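# Following is a predicted model, sequence given first.
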Amino acid sequence: MVLSKLFMSAKYTKFHLVGCLVCIAGITTTLVNDSDSNQKNSSLKGDMICMVGSALFGCSDVLQESIVKEFTRKELLSMLGIFGTIFALIQFLAFEFNSLRNDFEMTSSVAFYIALYILSSLLLKIFLAALLQENDSVMLNLSLLTSNIYGALFSYFVEKHPLKALYFISFTIVLR
């Protein structure tokens, strides 16, 4: 919300601020729940990496929103395609090339999953551009806050991992 206010002169009401504070309270309860675990250092490190990643994702969304509202969706997707390919190639060559060459066997199922990932990433960017053209990045990021909690519910109901009551309290707070 701060970046949207600074760069795009967005106006927010008290309801927006209250909604944001409620989401932050939900995330805080999730962090407190993680801090009670046995692996306190690695849990805290993971939470901090997640928070930094979320902040960077929010910056990316605000920039995408400003581009899509000033120019067109096609220009945004073109820039994402061109620069995304360049940066992904640089990262691949720097970090993954040796492990791919030495430790990786390409099978048809692996190729299928890679193609499925590429297709889902493409569809995500297309739909996000359309969403950002009609709405704002704050709503997108606040709605994405619930994804961690859905993962916890999947872990509880499908994988039968026990969850503390604080997860469900967090879920309720974030959804309100």
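Looks like it arrived, so ask away.
# What's the local residue count around the closest residue to residue 144 other than its chain neighbours?
In space, and not counting its chain neighbours, residue 144 is closest to residue 57: 8.0 Å by C-beta to C-beta, 6 or more residues apart in numbering. Every residue, glycine included, has its C-beta placed from N, CA and C. By other C-beta atoms under 10 Å, the residues close to residue 57 number 14.
# Can you check the pLDDT for residue 57?
Listed pLDDT for residue 57 reads 82.
# Helices along this protein, start to end?
2-8, 14-35, 40-70, 73-91, 97-103, 108-134, 137-144, 147-157, 165-175 (DSSP state H).
# Could you say which of these is packed most deeply?
Stretch with highest mean neighbour count among the helices of the chain: helix 137-144 (a mean of 18; mean count of other C-beta atoms under 10 Å).
# average model confidence for that helix?
On average, helix 137-144 scores 71.
# Restrict stretch 115-124 to CA atoms and write it as CSV.
Provided in CSV are the C-alpha atoms of stretch 115-124 (Å, rounded to 0.1, in the frame of the first residue of the first chain):
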residue,chain,number,x,y,z
ALA,A,115,6.3,-27.8,-19.9
LEU,A,116,3.4,-27.7,-17.5
TYR,A,117,5.3,-25.3,-15.2
ILE,A,118,6.1,-23.0,-18.2
LEU,A,119,2.5,-23.1,-19.3
SER,A,120,1.2,-22.3,-15.8
SER,A,121,3.7,-19.5,-15.4
LEU,A,122,2.6,-18.0,-18.8
LEU,A,123,-1.1,-18.2,-17.8
LEU,A,124,-0.3,-16.6,-14.4
